[in-house]
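[1] Next comes the sequence, and after it the predicted model I'd like to discuss.
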Amino acid sequence: MAQAYRVRGLDQALDTLKKIDPELYKAAQKRIKNDVKPMITEARKGVPQQTPLSRWKEASGSGERSGSARLPAWTGRPANRINASVRRRKIRGTGGKRTLMKMQQSSPAGAVFDIAGRKNPSGSVQ
């Protein structure tokens, strides 16, 4: 589930920094990328190499969904597909709010593993 932190004035500060000293702005972006690496490493540690459920089929090369639940095949490498991007983007429909960093699980099987067992907004377990 997405967790957001609000930092007031960050967007304006980065705009000003980019205008005044572009090299320092680039260095700040690199520093943020380096600061994010421990979060990615920690997130990757929590993903098992073997299938987390007993009947979750391993990938046979085709990557197709299988079984009655139609789960994506477990590749054994979904942890490698947790990545982060550090980039300022406008978020549509939020009145000009921006995001600075995004961490994303790009493996379908890893995404299913990530949300399995969480409570949905209605309160029942999925």
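    In hand now; what should we look at?
[2] how much space between Leu50 and Lys57?
    Leu isn't right for residue 50; it's Gln. Computed as CB to CB, to the nearest Å, the Gln50 to Lys57 distance reads 12 Å. From N, CA and C alone the C-beta is placed, and that goes for glycine too.
[3] where do the contact lists of the two overlap?
    Trp74 (CB atoms under 8 Å, 6 or more residues apart in numbering).
[4] So for these two, which sits in the more crowded spot?
    Just comparing Gln50 and Lys57: by other CB atoms under 10 Å the higher neighbour count belongs to Lys57, 15 against 8.
[5] per-residue confidence for the more buried one?
    Confidence at Lys57, expressed as pLDDT, is 75.
[6] Can you give the contact residues for the strand or helix carrying Glu42?
    Assigned by DSSP states H and E, Glu42 belongs to helix 22-45. Outside helix 22-45, the residues that touch it by CB under 8 Å, 6+ apart are 14, 17-18, 79-80, 82-84, 86, 100-101, 103.
[7] ok, which stretches of this structure are helices?
    10-20, 22-45, 108-115 (DSSP state H).
[8] So for Lys90, which of these sits nearest?
    Nearest of these to Lys90, taken as CB to CB: helix 10-20 at 9.7 Å.
[9] Please dump the helices of the chain into JSON lines; it should also carry mean pLDDT, distance to Arg70 and mean neighbour count for every row.
    Shown next, in JSON lines, are the helices of the chain (pLDDT from 0 to 100; distance: least, CB to CB, whole Å; neighbours: other CB atoms under 10 Å):
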{"stretch": "helix 10-20", "mean pLDDT": "86", "distance to Arg70": "42", "mean neighbour count": "12"}
{"stretch": "helix 22-45", "mean pLDDT": "87", "distance to Arg70": "25", "mean neighbour count": "12"}
{"stretch": "helix 108-115", "mean pLDDT": "80", "distance to Arg70": "10", "mean neighbour count": "18"}
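[10] Thanks a lot, catch you later.
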